[in-house]
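Need a 3D model of the following:
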Amino acid sequence: MGQKTHPVGFRLGVIRTWESKWFEEKNYANWLHEDIKLRAHVKEKHYSAGISKVEIERAANKVKVNIYTARPGIVIGKKGAGIEQLKKELQRLTQNEVFINIQEIRKAEIDAQLVAENIATQLERRIAFRRAMKKAVTIAMKFGAKGIKVACSGRLGGAEMSRYEWYRDGRVPLHTLRADVEFGVATAKTKQGTTGVKCWVFKGEVLPAGKEPPKQRGRGRSQEAQG
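Below you'll find the model as predicted:
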């Protein structure tokens, strides 16, 4: 059996931090379920806005919701009407005071979650899965990703038997803790059934201040040694 671990959970406390930033002992279960509802509502309401992640910070009776989106204009709405409406809707889901903060994603082409969702949307529109995957890989590398891997699993191309296919370009070091690897999952609801889409994007290595990356050893001897 394959021993797989979540790329984000694997790096928590090393180069990654939690998406929910709060500590609570008595109301832990309530706050956890509140977070799940808040995230689900934001994602469902503004799926077309390209929402990568929703971070939630809590302090006393306040809830700060940070929404990372590729199209902030859709979430904010005309003269901020959309954000006010969203705030009212989220306020119904929690007893605490809600604050919303919108963060724009500059390069949606190398955001793992948005890449996975984009492929899933194409599969729903009956675009060939190989074409969608290869295009996503090519564009990500063009926009500066050090490596990318995309995988699709399900009844690909309407086949009778489900299968798993993947494409990779560049480096995707899944075991290296200092490697900044983003991970995204999406589900395409096709006529034949659901198709799962996963995406890993490697954006380089995150190193402690003052340290240099290890030098790669060449196979041949150096010129000095040869001389």
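
tell me the phi and psi of the residue nearest in space to the middle of the chain?
The chain has residue 113 as the residue nearest its centroid, 3.2 Å off, counting by CA atoms, centre = their mean. Main-chain torsions, residue 113, degrees, to the nearest 10: phi -60, psi -40.

The one 5 residues further on too?
Summarising the backbone geometry of residue 118 under the convention degrees, to the nearest 10, its torsions are phi -60, psi -40.

What is the neighbour count of the residue nearest to it when sequence neighbours are not counted?
Leaving aside its chain neighbours, residue 118 sits nearest to residue 136 (6.6 Å; criterion: CB to CB, 6 or more residues apart in numbering). Yep, even glycine has a C-beta here, placed from its N, CA and C like the rest. Residue 136 has 22 neighbours, counted by other CB atoms under 10 Å.

if we can go back for a sec, next, the contact list for the residue nearest to the centre of the chain, please.
52, 53, 182, 184, 185, 186, 199 (CB atoms under 8 Å, 6 or more residues apart in numbering).

I'd say the fourth one and residue 118 touch.
No. Between residue 184 and residue 118 there is no contact under CB atoms under 8 Å: 9.8 Å.

can I assume residue 82 is in contact with residue 69?
No. Look at residue 82 against residue 69 with CB under 8 Å: they stay out of range, at 11.3 Å.

about what we covered before: for PyMOL, write the select line for the buried members of the contacts of residue 113.
Remark: buried members of the contacts of residue 113, expressed as a PyMOL selection using 16 or more other CB atoms under 10 Å:
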select buried, resi 52+53+182+184+186+199
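
Throw the contacts of residue 113 into CSV and include distance to residue 11, secondary structure and pLDDT, thanks.
Converted to CSV, those look like this (distance: CB to CB, whole Å; DSSP: H, G, I helix; E, B strand; the rest coil; pLDDT from 0 to 100):
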residue, distance to residue 11, secondary structure, pLDDT
52, 17, strand, 93
53, 15, strand, 92
182, 10, strand, 94
184, 15, strand, 95
185, 16, strand, 96
186, 21, strand, 96
199, 16, strand, 96
